[in-house]
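> fold the stuff below for me.
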Amino acid sequence: MTSPLQRAIVTGLISFQFARPANDSGRVVAHPGCREAYHSGNICDLRRNLKDIKEDFPFIDFEHCGEDDPTVPHFGIPGETCDSVVDRMYDFTSWLWTDMVASSSSCVGVASHSVSLFALTNGVLHFHEGAGEEATGIFGTGEMREFHLEREEN
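Below is the predicted model of the structure:
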């Protein structure tokens, strides 16, 4: 899984290339639910036109990203709230769980961004008692963490 922002795509492809099967049967899926938060108009938090990204990465499944509206600029997008980022990451995690069950996957890598992952680890996931900064702290550039997820009904 990857954010549709190019920097996450490239980091994910470099980081997880060793995990793809030799017969290339693995899949790479872009999903807007795990993109960076739009807290500002910073160009690094936005993305290029999706048409251009699709041309650069034709082997990635972008079906969940929809299509760009050419009349909407990719700058000046109003910032999200912290609550809306947590809600988006909750929805993404729920979608991911459903996708993993449907595809009989037991392991997935997600290339995302520090603010979105911080929202995931501090607003969506619940850790066992004693989990500390190594689980819930802000992610560094290119940092990977491993989580074992179990779904609870409540």
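> quick one: Val108 and Val28, what's the gap?
Using C-beta to C-beta, to the nearest Å, Val108 is found at 11 Å from Val28. Every C-beta, even on glycine, is put in place using the N, C-alpha and C of the backbone.
> the two: which has the busier surroundings?
Remark: of Val108 and Val28, Val28 carries more neighbours, 18 against 15, as counted by other C-beta atoms under 10 Å.
> in the longest helix along the chain, which residues are buried?
Looking across the chain with DSSP state H, the single longest helix is helix 82-102. Neighbour counts over helix 82-102 (16 or more other C-beta atoms under 10 Å) mark 85-86, 88-90, 92-93, 96 as buried.
> out of those residues, which is nearest to Phe147?
Within the buried residues of helix 82-102, proximity to Phe147 (C-beta to C-beta) peaks at Thr93, which comes in at 10.5 Å.
> how about the residue nearest to the closest one when sequence neighbours are not counted, what does it touch?
Ranked by C-beta to C-beta, 6 or more residues apart in numbering and with sequence neighbours excluded, the top spatial neighbour of Thr93 is Val124, at 5.6 Å. By C-beta atoms under 8 Å, 6 or more residues apart in numbering, the residues touching Val124 are 86, 89-90, 93.
> can you check Leu149 too?
Leu149 makes contact with 97, 125 under the criterion C-beta under 8 Å, 6+ apart.
> may I ask which helix or strand encompasses it?
Leu149 is part of no helix or strand when elements are defined by DSSP states H and E.
> skipping adjacent residues, who's closest to the spatially most central residue of the chain in space?
Centroid check for the chain by C-alpha atoms, centre = their mean gives Cys34 as the closest residue, at 2.8 Å. Spatial nearest neighbour of Cys34, chain neighbours left out: Ser112 (4.3 Å); criterion: C-beta to C-beta, 6+ apart.
> now Thr141
Ser114 is the one closest to Thr141 (C-beta to C-beta, 6+ apart), at 7.7 Å.
> my read is that that neighbour contacts Phe139, right?
Yes: counting by C-beta atoms under 8 Å, Ser114 does reach Phe139; the two are 4.4 Å apart.
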